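Colleague: Here is a sequence with its predicted model. Questions after.
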Amino acid sequence: MMERHNVPPIRSGALTLLLALAAICLAVLAVLSLTTAQADLSLAQKSLDRFSQDAALENEGQQWLAQLDAALAAGQDTAALGQTGEDGAVTVTLTGQAGRTLTIAALPTPQGPGRYTLTRWQYGQERDFDQGPQLWDGSF
């Protein structure tokens, strides 16, 4: 006759529960990491697009300044290069992609080290606030 040994059973209930909880936590962290990585990529792409637009406007603005400098050096009228304000500053607004603008104002200075002084170099963005989502209509 064979003897039966009383071997205590392996108690894997608590261990299984702990491993299942750890696996769920790791899965949640993996999903959160993926979501964050996708959001970072989207934000980086938007930043790259905006910096590319600004660089194109910067190049165009530098070309405009070169034309202004050449016109001032030749003694030509600068009215064709932009609007002339009351103070004599020549102002131009350059428009790029997606509504990006660069406004430049240069004041001609006949006496001095340069031919002009920059008084404005400002980037802007045209926005249409009426086309966005209506978050609140103002009523209670």
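Modeller: Happy to help now that I have it.

Colleague: Run through the neighbouring helices and strands of the host helix or strand of Ala66.
Modeller: Under the criterion of DSSP states H and E, Ala66 resides in helix 13-74. With contacts taken as 3 or more C-beta pairs under 8 Å, 6 or more residues apart in numbering; DSSP states H and E, helix 13-74 sits against strand 90-95, strand 100-108, strand 116-125. From N, CA and C alone the C-beta is placed, and that goes for glycine too.

Colleague: Need the contact partners of the longest one.
Modeller: Read it as strand 116-125. 54, 57, 61, 65, 68-69, 72, 89-91, 99-109 (C-beta atoms under 8 Å, 6 or more residues apart in numbering).

Colleague: Distance from the chain centre to it, please.
Modeller: A distance of 20 Å separates the centroid of the chain from that of strand 116-125, by C-alpha atoms, centre = their mean, to the nearest Å.

Colleague: Nearest residue to the middle of this structure?
Modeller: In the chain, the centroid-proximal residue (C-alpha atoms, centre = their mean) is Ser47; its distance is 3.5 Å.
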